[in-house]
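Participant: With the input below, show me the fold.
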Amino acid sequence: LMNYYKLLNNYWRKKKSDYIKMVQKIRLLNFKDKVKVKPMSKPYRIDKAHQYGYKHKKGYKLYRIKINRHKNKKQARKGKIFGKTKSRGIVKKKLEISYKNQCALNLMKKISHGKIVNIYWINEDRKAKYFEA
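Facilitator: Take a look at the predicted model:
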C-alpha cells in the first residue's frame, strides 16, 4: 500500500507528463461548478491527503475550494484613468494574501465549526485555482 502512494506521488511530481495532463483535463470538467466550497466524499489526491493526516473515518470531512485568480490591476475610479497609469497606482497591484490563506478564509466562512488540517493544490485553469482541504 505504501508503494502505491509513492507511485502516485511520483506521478504528481511530473505534472507535464501526458498521463497527468489527461487526468487533470478530465477532472477540470467536473470542477467547473459555480459553487466555491463543495463537500466531497473522497480525496482527489489520495497520497497528499494521507501525507497530511487524512483518514477515512467519521470525523473527517473533505472540501474542494475554488479560488479566482488575482488580477494584476486595481480598479480605476469610474473605470477610466485620468492621467498616466504610472502615477495612479493601477499597474502591479496584487493582493498580499496567498491562495491557501484565501482558501482557509472561505472554508471558515462556510463551516464555522471544525479544524482545518491542511490545504493542498489540486488543479488550475485560466480563471481559477482549485484546492482541497
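
Participant: what ranges do the strands span in this protein?
Facilitator: Along the chain, counting by DSSP state E, strands occupy 37-40, 62-68, 120-124, 128-132.

Participant: Turn the ones you listed into CSV, columns for distance to residue 55 and mean pLDDT.
Facilitator: Heads up, the C-betas are built off the backbone N, CA and C, glycines and all. Shown next, in CSV, are the strands of the chain (distance: least, Cβ to Cβ, whole Å; pLDDT from 0 to 100):
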stretch, distance to residue 55, mean pLDDT
strand 37-40, 15, 89
strand 62-68, 11, 90
strand 120-124, 16, 90
strand 128-132, 15, 91
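
Participant: Out of the ones you listed, flag the one nearest residue 26.
Facilitator: Closest to residue 26 of the strands of the chain is strand 120-124 (Cβ to Cβ; 10.3 Å).

Participant: which other residues reach stretch 29-38?
Facilitator: Residues outside stretch 29-38 that contact it (Cβ atoms under 8 Å, 6 or more residues apart in numbering): 63-67, 106-107, 110, 122-123, 130.

Participant: do you know how far the residue lying closest to residue 50 once chain neighbours are set aside is from residue 77?
Facilitator: Distances taken as Cβ to Cβ, 6 or more residues apart in numbering place residue 5 nearest to residue 50, at 6.1 Å, with adjacent residues excluded. According to Cβ to Cβ, to the nearest Å, residue 5 and residue 77 sit 53 Å apart.

Participant: repeat for residue 19
Facilitator: Distance from residue 19 to residue 77, counting by Cβ to Cβ: 49 Å.

Participant: related to what we said a few turns ago, now for the residue nearest to residue 50, how many residues are close by?
Facilitator: 15 (other Cβ atoms under 10 Å).

Participant: could you list every residue that touches it?
Facilitator: By Cβ under 8 Å, 6+ apart, the contact set of residue 5 is 46-47, 50-51.

Participant: That's all I had, so thanks and see you.
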